[in-house]
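**Q** sharing a model that was predicted from the sequence below.
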Amino acid sequence: MKTESLWYIFLSASLINNFVLAYFLGICPFLGVSGKMETATKMGSAVTFVMIISSVCAYGIHAFLVAINAPFLQLISYIVVIASTVQLVEMLIKKMSPTLFRALGIFLPLITTNCAILGLTLFQTNKGYGFVESFVYALGAGAGFTVALILIAGLREQLEFAEVPKVVKGTVITLLIAGILSLSFMGFSGLGS
Amino acid sequence: MGNQIHDKANTGFLSSLKGSPSTDEFIKGLWRDNPVFIQVLGMCPVLAVSNTAENALAMGLATAFVLLMSNILVSSLRNFIPKQVRIASYILIIATFVTITDYAIQAISVELHKSLGAFISLIVVNCLILSRAEAFASKNSIGKSILDALGMGLGFVFALFCLGAVREIMGNGSLFGFPIFPSTFQNWIVMILPAGGFFTLAIWLLIFNLLKQKKSIA
């Protein structure tokens, strides 16, 4: 019973209610860095990493804020945790792979303002998830984000070879593709119920 | 549709006001640098809560309010905030105002608060607000920053309303909850679903691109 519901949380966060395609969270990096397959994969894993850490921290903070009865501090403390985690990841990537650091560019610090991460912490608080559930939820959301990013990157790589009218080049055609992807992801809605 | 008429009126109004630099700070956000249609910033709330015109308008106004307040504060503190921690300070300022807005909306209308859900809190991570703080308010006087925030905020409201109205009319056959089509109208359910958000935004951007192209040829 317990594992089943955890599996459901994972499935629901990654496929059924995909953060990018159903909740529209994290659209900025989604449109910005989804041009190349390689960057998309790495961006996806960086975001997943930040998500897991922030979600675990958010669980602790929420418990603490409930204890001291100060729910109005929730938003501020969440964003501080996320910002510090991103800083950490930035330093790690800079140290380990300068090439990747350059490829991600401005979008790395912008992970802080990635709505997917703050959204994740807020949703898990609203849903009243426990420690393990939060962890699984973050894992699922990260996986979902990465999948969406990779899918769109693959499609956009193909698009380079297609002849597209000048007016729809760039954002417009990407949004249309995202719409079609979002339609197809609705097919998952029967899963797990 | 009514929006197109509105667009035309807008351009006429704009061309008559061009010139004076302080009105320019205000005007640029409305049209030339419209945050949604031209800069493509702050997409998440734009797509997520624009399924009805009412939600879109409420969300737009909330965002505009936070943008205005944070621009004022950032601009007045611009000489006191150390360069190294400026982004963190901006985010804290924004988060404070978002918390205020969140509680205010909850006090005004619980229903509206429920339908907007977590997206009010998510104004914190709206790239538009942070980018205005960093790119404009931190370098300009308070007066200019207020004008900039008002222009950008109204541009954002306008864009959100364009999306929300189209999606509600097509998907629900109504505007602000009032039915505008005869009951034989078959609702386009897809417009209310997430996919509809992507499609509607794509079409608006397409219209803007076409307008831009026409202008550059002429």
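**A** Arrived safely, thanks for sending. All figures in this text were calculated on a predicted structure; none of them were measured in a lab.

**Q** contacts only, for the closest residue to A:Phe135 other than its chain neighbours.
**A** Nearest residue to A:Phe135, sequence neighbours excluded (C-beta to C-beta, 6 or more residues apart in numbering or on different chains): A:Val56, at 6.2 Å. Any C-beta I mention is one placed from the backbone N, CA and C, and that applies to glycine too. By C-beta atoms under 8 Å, 6 or more residues apart in numbering or on different chains, the residues touching A:Val56 are A:Phe131, A:Ser134, A:Phe135, A:Ala138.

**Q** doesn't A:Val56 fall inside a helix?
**A** Yes - assessed with DSSP: H, G, I helix; E, B strand; the rest coil, A:Val56 lies in a helix.

**Q** related to what we said a few turns ago, dump the contacts of A:Val56 to TSV, plus secondary structure, neighbour count and pLDDT.
**A** Shown next, in TSV, are the contacts of A:Val56 (DSSP: H, G, I helix; E, B strand; the rest coil; neighbours: other C-beta atoms under 10 Å in any protein chain shown; pLDDT from 0 to 100):
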residue	secondary structure	neighbour count	pLDDT
A:Phe131	helix	12	86
A:Ser134	helix	26	88
A:Phe135	helix	18	89
A:Ala138	helix	28	91
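
**Q** pLDDT weak spots in the chain?
**A** Using chain A here. Low-confidence segments of chain A (pLDDT under 70): A:1-4, A:32-34, A:106-107, A:192-193.

**Q** nope, chain B please
**A** In the predicted model, chain B carries pLDDT under 70 at residues B:1-22, B:218.

**Q** packing partners for the longest helix that chain B contains?
**A** Scanning chain B for the longest helix, with DSSP state H as the assignment, gives helix B:142-172. Using 3 or more C-beta pairs under 8 Å, 6 or more residues apart in numbering or on different chains; DSSP states H and E as the contact test, the elements touching helix B:142-172 are helix B:2-17, helix B:21-30, helix B:43-48, helix B:53-76, helix B:127-132, strand B:174-175, helix B:194-217.

**Q** what's the neighbour count on B:Leu122?
**A** 25 (other C-beta atoms under 10 Å in any protein chain shown).

**Q** wait, A:Lys95
**A** Other residues within reach of A:Lys95 by the criterion other C-beta under 10 Å amount to 9.

**Q** with B:Leu163 instead?
**A** Residues lying near B:Leu163 (other C-beta under 10 Å) number 26.

**Q** now do the one 10 residues further on
**A** As a burial measure, B:Gly173 scores 18 neighbours (other C-beta under 10 Å).

**Q** pretty sure it contacts B:Thr184?
**A** No - assessed by C-beta atoms under 8 Å, B:Gly173 is found out of contact with B:Thr184, at 9.8 Å.

**Q** contacts for stretch B:97-108 next, please.
**A** Around stretch B:97-108, the neighbours that count as contacts under C-beta under 8 Å, 6+ apart are A:72, A:75-76, B:58, B:62, B:65-66, B:69-70, B:73, B:112-113, B:116, B:120-121, B:123-124.

**Q** among those residues, which ones are buried?
**A** Buried members of the contacts of stretch B:97-108, scored by 16 or more other C-beta atoms under 10 Å in any protein chain shown, are A:75-76, B:58, B:62, B:65-66, B:69-70, B:73, B:112-113, B:116, B:120-121, B:123-124.

**Q** what sits against the residue in chain A positioned nearest to chain B?
**A** Ranked by C-beta to the nearest C-beta, the top residue of chain A for proximity to chain B is A:Gly179, at 3.3 Å. A:Gly179 makes contacts with B:Ala195, B:Gly196, B:Gly197, B:Phe198, B:Phe199, B:Ala202, as judged by C-beta under 8 Å, 6+ apart.

**Q** much appreciated, bye for now.
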